[in-house]
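# dropping a prediction and its sequence here:
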Amino acid sequence: MYLLSTDTLKPLNKIYDREDEKRVISGYIDMAASIAVTGLRRVGKTTLVRSLSAVRKNTYTAYFNLWRKKPSCRNFEPEILDLILDELIKSRGVVGEREYIKRLEFFGGIVKITREKREHIIERFSIADIIASNNKIILILDEFQSVSKKLRDCILRKLVGLKDTYDSYLTIIFTGSVYSLKKFIGGNEEAPFYGRLIDEILIQPLQPQTAREFLREGLRELGKDITEDALDYAIGVLGGFPGWIVNFGLKSISIRDRIDIKAAKKLIKDIEKEALLVLVGEIKRILKQVKNKEIYIKTLYELGLHGNMGPTRLASMIGRTKSEASRILNFLTMNGLVKNIDGEYIIADPLLRRVAGRKIFVKEMISIKKQ
Ligand SMILES: Nc1ncnc2c1ncn2[C@@H]1O[C@H](COP(=O)(O)OP(=O)(O)OP(=O)(O)O)[C@@H](O)[C@H]1O
Ligand SMILES: [Mg+2]
C-alpha cells in the first residue's frame, strides 16, 4: 500500500501526519468513549477512524457506511455481526499479518469465515459472545448525518442500550462531513444519546507545508519526481485535502518524466473536470433537503465568481433579504459547503471554489436536477 493509495483502510504508516489526531482518537478508543469525528469532505475522516480501529488487538470493528446502505434498526445486532465479518476480512490484510486470516475467535475457539459459514455465524453468535470471550467492539457509523430522523433516533436508542450493556467493551464513533454532528446525536435533552457523546474531533485539512511534503513523499514512493514550482502550484489548487492530493498523485503516473509546472497544469485541468461532476453529485445530494434549490445554486455560483462575501452583499446579488441570505449561508455552512471566516463566507473546498463560478457548474447542477 502507498501513501497515495485511495483506500480508506490503510496501515498507519501510510497515513501521513495526523499524529495528534491518531493519539487523541486512540486515547478515546482506549477508554471506550463515544466520540464524533467531523470535518469537510476528503480530509481523511474515514481513513483515520477505520485504520486506527483495525490495528487494535482483540477488537472487532463494525463499519457502517450509512451513505451507501441504511441498516435495519430492528435487526441491528445481526447487521453489526455481518459488518464485523466484512471488516475483519479486509483489515487483517491491511494490518499485514503473515497469514491472511479470515477467522473469528470465540471462547478461545476459532471460527473460520467462509461464505457458507457466514450466515451460520451471524445466526449463531451475538455481540454478547464476542464480548464474553474478552474481545472489544468498535462501531463506526460513517456519514451519520445522512440518516433520516426516524432511523437516527431508532439507532441511537439501540446504541444507548448496547452501551449500557457492554460499557467499556464497546466504542462508538460517529463520523460525518457536516459542520457539527453533536446536534444530530445528542443535541437536546430528549435526544436518546443526550450527554453521552464525550467529544467531537474536527479534522482539518493539512497545513500547506505538510500537504506539500505529503505529495512529494507520496510521489517519491511511486518513483515520481516533481519540481518545486509544480508542487506549489498543485498544493495551491488542491489545498490540504488528502483526497484531492491522492487523486493528483495517482494521475501523475501517466506523466512520463519529472512533473513540471506544465504537466501539473494539465493534471489539474483533468482533475477539475472530474471534480466538477463529483461535486455536483454531492451538492445535489445535500440540496435534496431544501425546496428552492435554484437560490442555493446561485449562491454557490456567486461565491465562486466573486470570492468571499457577507450576507448583505450576497442578498443584493441574489435579490433576497439579508436574513434570507444568512439562512442560505447558514445551511451551506452546516453542510460543509461553505465556511465562515470572521463573518465572510467562502466556499470550503478549493476545487469547488474554482469551478462554482463557471457557467458549466450551473448547467450541470440544473441538468442533473431535472433528471
Ligand atoms: N493522512 C493521510 N495520508 C494519506 N492518505 C490519506 C490521508 N487522509 C486521507 N487520505 C486518503 O484520502 C482519501 C480521502 O480520505 P477519506 O475518504 O478518509 O476522507 P473523508 O474525510 O472520509 O471524506 P468523505 O467526507 O468524502 O467521506 C482516501 O483515498 C485516503 O486514502
Ligand atoms: Mg468518509
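Thanks, I have the structure now. Numbering: from 1, shown residues only. Ligands and ions are numbered 1, 2, ... in the order given.

# start to end distance for stretch 255-262?
Using Cα to Cα, to the nearest Å, one end of stretch 255-262 lies 11 Å from the other.

# T171 sits in which helix or strand?
Taking DSSP states H and E as the criterion, T171 maps to strand 170-176.

# got the CA coordinates for that strand in CSV?
The C-alpha trace of strand 170-176 is given here as CSV (Å, rounded to 0.1, in the frame of the first residue of the first chain):
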residue,chain,number,x,y,z
LEU,A,170,-17.9,-1.0,23.2
THR,A,171,-16.6,2.1,21.5
ILE,A,172,-19.0,4.1,19.3
ILE,A,173,-17.5,6.5,16.7
PHE,A,174,-19.8,8.7,14.6
THR,A,175,-18.3,10.4,11.6
GLY,A,176,-19.7,12.9,9.2
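
# which parts of the stretch 151-300 of the chain are helices?
182-186, 208-221, 228-238, 242-251, 261-287, 293-306 (DSSP state H, counting those that start in this stretch).

# just those helices: most buried one?
helix 242-251 (a mean of 23; mean count of other Cβ atoms under 10 Å). Where C-beta positions appear, they are placed from N, C-alpha and C, glycine not excepted.

# how about the helices of the stretch 151-300 of the chain, which one is nearest ligand 1?
helix 242-251 (3.4 Å; Cβ to the nearest ligand atom).

# make JSON lines out of the helices of the stretch 151-300 of the chain and add mean pLDDT and distance to ligand 1.
Shown next, in JSON lines, are those (pLDDT from 0 to 100; distance: least, Cβ to the nearest ligand atom, whole Å):
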{"stretch": "helix 182-186", "mean pLDDT": "82", "distance to ligand 1": "15"}
{"stretch": "helix 208-221", "mean pLDDT": "97", "distance to ligand 1": "6"}
{"stretch": "helix 228-238", "mean pLDDT": "97", "distance to ligand 1": "11"}
{"stretch": "helix 242-251", "mean pLDDT": "96", "distance to ligand 1": "3"}
{"stretch": "helix 261-287", "mean pLDDT": "95", "distance to ligand 1": "8"}
{"stretch": "helix 293-306", "mean pLDDT": "96", "distance to ligand 1": "18"}
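
# can I get these in TSV with distance to L83?
Below are the helices of the stretch 151-300 of the chain laid out as TSV (distance: least, Cβ to Cβ, whole Å):
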stretch	distance to L83
helix 182-186	20
helix 208-221	30
helix 228-238	32
helix 242-251	23
helix 261-287	23
helix 293-306	34
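
# between these, which one is nearest to D20?
Between D20 and these, the tightest spacing by Cβ to Cβ is seen for helix 208-221, at 11.8 Å.

# compute the inter-axis angle for the closest one and helix 228-238.
Using axes from the mean of the first three to the mean of the last three Cα atoms, to 10 degrees, one finds that helix 208-221 and helix 228-238 are set 120 degrees apart in direction.

# need the residues of the stretch 101-250 of the chain near ligand 1, please.
S177, P242, G243, V246 (Cβ under 6 Å from any ligand atom).

# can I get those residues in TSV including distance to K363?
Listed next are those as TSV, based on distance: Cβ to Cβ, whole Å:
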residue	distance to K363
S177	25
P242	30
G243	25
V246	28
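
# where do the strands sit along the protein?
For the chain, the strands defined by DSSP state E cover 35-38, 59-65, 103-106, 109-112, 136-142, 170-176, 199-202, 338-341, 344-347.

# mind putting those strands into CSV with mean pLDDT and mean neighbour count?
As requested, the strands of the chain are exported to CSV (pLDDT from 0 to 100; neighbours: other Cβ atoms under 10 Å):
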stretch, mean pLDDT, mean neighbour count
strand 35-38, 96, 24
strand 59-65, 93, 21
strand 103-106, 62, 17
strand 109-112, 64, 12
strand 136-142, 96, 23
strand 170-176, 96, 25
strand 199-202, 94, 15
strand 338-341, 94, 16
strand 344-347, 96, 19
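
# which ones are touching L202?
T38, G39 (Cβ atoms under 8 Å, 6 or more residues apart in numbering).

# if I look at it, how far off is V55?
23 Å (Cβ to Cβ, to the nearest Å).

# nearest to N13, of the strands of the chain?
strand 59-65 (19.1 Å).

# compute the inter-axis angle for that closest one and strand 136-142.
10 degrees.

# give the pairing partners of strand 59-65; include direction for each.
Strand 59-65 pairs in its sheet with strand 136-142 (parallel), by DSSP bridges.

# what angle separates the partner strand from strand 170-176?
10 degrees.

# what's the closest non-adjacent residue to G243?
R42 (2.7 Å; Cβ to Cβ, 6 or more residues apart in numbering).

# contacting residues around that neighbour?
Per Cβ under 8 Å, 6+ apart, neighbours of R42: F241, P242, G243, W244, D349.

# need the pLDDT of it.
We have a pLDDT of 95 for R42.

# again with the one 3 residues further on
The predicted structure scores K45 at 97 on the pLDDT scale.

# perfect, I'm done here.
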